[in-house]
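A.B. asks: Give me coordinates for this.
(one chain, ligands or ions: 1)
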Amino acid sequence: LAEKMKNSPAEVIKKLMMLGVLATINQEIDADTATILAQEFGFEVEVKVEQDVEALFMQEPEDDPADLQPRPCVVTVMGHVDHGKTSLLDAIRETNVTATEAGGITQHIGAYQVEHNNKKITFLDTPGHEAFTAMRARGAKVTDIAILVVAADDGVMPQTVEAINHAKAAGVPIIVAINKIDRPDANPDRVKQQLTEYGLVAEEWGGETVMVPVSAKTRQGLEDLLEMILLVAEMQELKANPNRPARGTVIEAELDKGRGPVATVLVQNGTLTVGDNLVAGTTWARVRAMMDYKGRRVKKAGPSTPVEVLGFSEVPQAGDQFFVVPDEKTARQIAEKRANRKREEEFKAAMPRVSLDDLFNQIKEGQVKELRVIIKADVQGSAEALKQALERLSTEEVKVNIIHQGVGAITETDIMLASASNAIIIGFNVRPDVNARRVAEKEKVDIRLYRVIYDAIEDVKAAMSGLLEPEY
Ligand code: GDP
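C.D. replies: From the prediction side, this is the model:
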């Protein structure tokens, strides 16, 4: 402002002081103050409102129905542990991808596509309703159909019910895959019977739920399952407009030693092209290269296509929604603004410093009612798993609050956040860098490093509950 008025900053600051504003040379002042100040110097101020670029790109312009084209459906596999989710995903992948591609090696990028009757189906590769709901909690809606895997020998189990509820809560149609029908003790009718209790009645029993007997082991029924997926998808009339800038969701992300931050994104509308600039959560990218699930380089990715993207500024989070913006500057600007906002939010809420060792004393003295934790892990999946497990340790006396979680080494920024909010840092398969270590010592931040999730949980549990007053 001083420059604009061709005045010395000292003069301007002096005048501000007289107006009762104690400002430094690089401090921002609001428009009202600036107006009064300028008047003091004999200038008139014209206020220009800066356009909110973020808001501009955040809202999705409606597509003209004429521009919409059919898109492949996106499928998630859910069900009880050991009922064969992973086996089913692998069996479908192997039968329909590798076998048709001589010598083709499929890459695990978090999602893959198969073709059946010349129609594509996109499978999300991380089975389980936990991942599904974690994404949904971040506002991401990626799944069109949920495959509920129920082992024919084991029947409906607690996580089967959870999965049903999660899919229902999201309003996602369910197809039941009754798995392991190769087993001699398989009893598909019992599964169907049990499922009626949860409102899933098989079509052949007069209901509306498609149920397909399959075996991930012998691959029996897999074609039927794909057939049924396409049928259910058809009823949903899934469409998107490939001719517009892309938007979608981050499915998986990690810090790759050689390639830097890598993220698998699912394009949900538009087409993502190499060279595009995008914002995802608090990160941004200039798309340097894209790989499909076969590890092949691609230049473009249309609706419902999963691709691995290189060129991110930092590792985004699974569930982050992305959108393409016109240039790098805009991308950077929006991401930085969001990062600042997030940091501010995280910094608010400070209280006395805590370490895991003296946590109990602080709890007893009533100083601590909340254990704040920052989680850093090598991959997003572990961070998420640890987060959920730790949050579950919350008791009436002490709440476990994960104030931040991220992928990659523990950095100075993490320490500063921990210090400001009295959090401890849990590192899973990562370590603090040299700077972080130095700052942690100075700030007396408690860093705990683990290679086994269970150990981390046990330590926190011991610090919290082992020392809590017994309840009678
Ligand atoms: P997830 O925990 O649901 O992902 O289950 P997995 O895919 O890891 O499978 C659990 C166990 O069941 C493994 O030992 C598999 O080999 C076995 N399994 C999976 N599908 C079948 C199947 O169709 N038939 C038989 N007999 N075993 C299966």
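A.B. asks: Show the average pLDDT along stretch 265-275.
C.D. replies: Stretch 265-275 shows an average pLDDT of 97 in the prediction.
A.B. asks: contacting residues around it?
C.D. replies: Around stretch 265-275, the neighbours that count as contacts under CB atoms under 8 Å, 6 or more residues apart in numbering are 60, 63, 74, 111, 122, 124, 142, 240-251, 278, 280, 286-290, 299-307, 309, 322, 324. Every C-beta, even on glycine, is put in place using the N, C-alpha and C of the backbone.
A.B. asks: Look at residue 29 and give its secondary structure.
C.D. replies: When the structure is reduced to helix, strand and coil (DSSP: H, G, I helix; E, B strand; the rest coil), residue 29 reads as coil.
A.B. asks: that older thread, which of the contacts of stretch 265-275 fall within strands?
C.D. replies: For those, the ones inside strands are 74, 111, 122, 124, 240, 247-251, 278, 280, 286-290, 300-301, 306-307, 309, 322, 324, with DSSP state E as the criterion.
A.B. asks: Buried ones only from those, please, as a ChimeraX command.
C.D. replies: Remark: buried members of the ones in strands among the contacts of stretch 265-275, expressed as a ChimeraX selection using 16 or more other CB atoms under 10 Å:
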select :74,111,122,124,240,247,248,249,250,251,278,280,286,287,290,301,306,307,309,322,324
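A.B. asks: Please list which of the ones in strands among the contacts of stretch 265-275 are also close to the ligand.
C.D. replies: Contacts with the ligand within the ones in strands among the contacts of stretch 265-275, as defined by CB under 6 Å from any ligand atom: none are present.
A.B. asks: How far does stretch 29-46 stretch from one end to the other?
C.D. replies: Distances were taken as CA to CA, to the nearest Å; on that basis the terminal residues of stretch 29-46 are 15 Å apart.
A.B. asks: List the buried residues in it.
C.D. replies: Buried residues in stretch 29-46, counting neighbours by 16+ other CB under 10 Å, are found at 29, 33-35, 37-38, 43.
A.B. asks: May I see those organised as TSV, with secondary structure, distance to residue 265 and pLDDT added?
C.D. replies: What follows is the buried residues of stretch 29-46, written out as TSV (DSSP: H, G, I helix; E, B strand; the rest coil; distance: CB to CB, whole Å; pLDDT from 0 to 100):
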residue	secondary structure	distance to residue 265	pLDDT
29	coil	41	80
33	helix	43	84
34	helix	42	87
35	helix	45	87
37	helix	47	88
38	helix	47	89
43	coil	49	89
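A.B. asks: any idea which of those is the one closest to residue 313?
C.D. replies: The shortest distance between residue 313 and any of the buried residues of stretch 29-46, using CB to CB, involves residue 29 and amounts to 30.4 Å.
A.B. asks: Name all residues that make contact with the closest residue to the closest one other than its chain neighbours.
C.D. replies: In this structure, residue 29 finds its nearest non-sequential neighbour in residue 23, 6.1 Å apart by CB to CB, 6 or more residues apart in numbering. Contacts of residue 23 were listed using CB under 8 Å, 6+ apart, and they are 13, 16-17, 29.
A.B. asks: for residue 44, helix, strand, or coil?
C.D. replies: Following three-state DSSP, the label given to residue 44 is coil.
A.B. asks: mind checking the backbone torsions on it?
C.D. replies: Comment: the main-chain dihedrals of residue 44 come out as phi -110, psi 140, following degrees, to the nearest 10.
A.B. asks: That one and the ligand, how far apart?
C.D. replies: From residue 44 across to the ligand, the span is 70 Å (CB to the nearest ligand atom, to the nearest Å).
A.B. asks: next one: residue 29
C.D. replies: With distances defined as CB to the nearest ligand atom, the gap from residue 29 to the ligand amounts to 59 Å.
A.B. asks: Name the nearest residue to residue 288, sequence neighbours excluded.
C.D. replies: Counting by CB to CB, 6+ apart, residue 311 is the residue found nearest to residue 288 once chain neighbours are left out, at 3.5 Å.
A.B. asks: didn't the one you found look like it was pressed against residue 286?
C.D. replies: Yes. With contact defined as CB atoms under 8 Å, residue 311 counts as touching residue 286 (5.0 Å).
A.B. asks: Between these two, which contacts overlap?
C.D. replies: Common neighbours of residue 311 and residue 286 are not found (criterion: CB under 8 Å, 6+ apart).
A.B. asks: can you confirm residue 93 is in a helix?
C.D. replies: Yes. The secondary structure assignment for residue 93 places it in a helix, going by three-state DSSP.
A.B. asks: ok, it touching residue 123?
C.D. replies: Yes. Using CB under 8 Å as the test, residue 93 is close enough to residue 123 to be in contact (7.4 Å).
A.B. asks: For the two, indicate the residue with more neighbours.
C.D. replies: When residue 93 and residue 123 are compared on other CB atoms under 10 Å, the one with more neighbours turns out to be residue 123, at 24 against 19.
A.B. asks: what pairs with the more buried one across the strands?
C.D. replies: The residues paired with residue 123 through beta bridges, assigned by DSSP bridges, are residue 75, residue 112.
A.B. asks: how much space is there between the residue nearest to residue 288 and residue 261?
C.D. replies: According to CB to CB, to the nearest Å, residue 311 and residue 261 sit 8 Å apart.
A.B. asks: Repeat that for residue 125.
C.D. replies: To residue 261, residue 125 is 19 Å away according to CB to CB.
A.B. asks: With the flanking residues excluded, which residue is spatially nearest to residue 403?
C.D. replies: Once its chain neighbours are removed from consideration, residue 403 has its nearest residue in residue 372; the separation is 5.0 Å (CB to CB, 6+ apart).
A.B. asks: Surely that neighbour forms part of a helix?
C.D. replies: No. Checked against three-state DSSP, residue 372 lies outside a helix; its state is strand.
A.B. asks: residues touching residue 220, list them.
C.D. replies: The neighbourhood of residue 220, defined by CB under 8 Å, 6+ apart, consists of 181-182, 213-214.
A.B. asks: What residues does this protein have near the ligand?
C.D. replies: The chain comes close to the ligand at residues 79, 81-87, 127, 179-180, 182-183, 215-217, as judged by CB under 6 Å from any ligand atom.
A.B. asks: Most neighbours among those, please name it.
C.D. replies: Going through the residues of the chain next to the ligand with other CB under 10 Å as the criterion, the one with the most neighbours is residue 179, at 32 neighbours.
A.B. asks: show me the contacts for it.
C.D. replies: So residue 179 contacts 83-84, 87-88, 149-152, 214-216 (CB under 8 Å, 6+ apart).
A.B. asks: What segments of the stretch 51-200 of the chain are strands?
C.D. replies: Counting by DSSP state E, counting those that start in this stretch, one finds strands in the stretch 51-200 of the chain at the ranges 69-70, 73-79, 111-116, 119-124, 145-151, 174-179.
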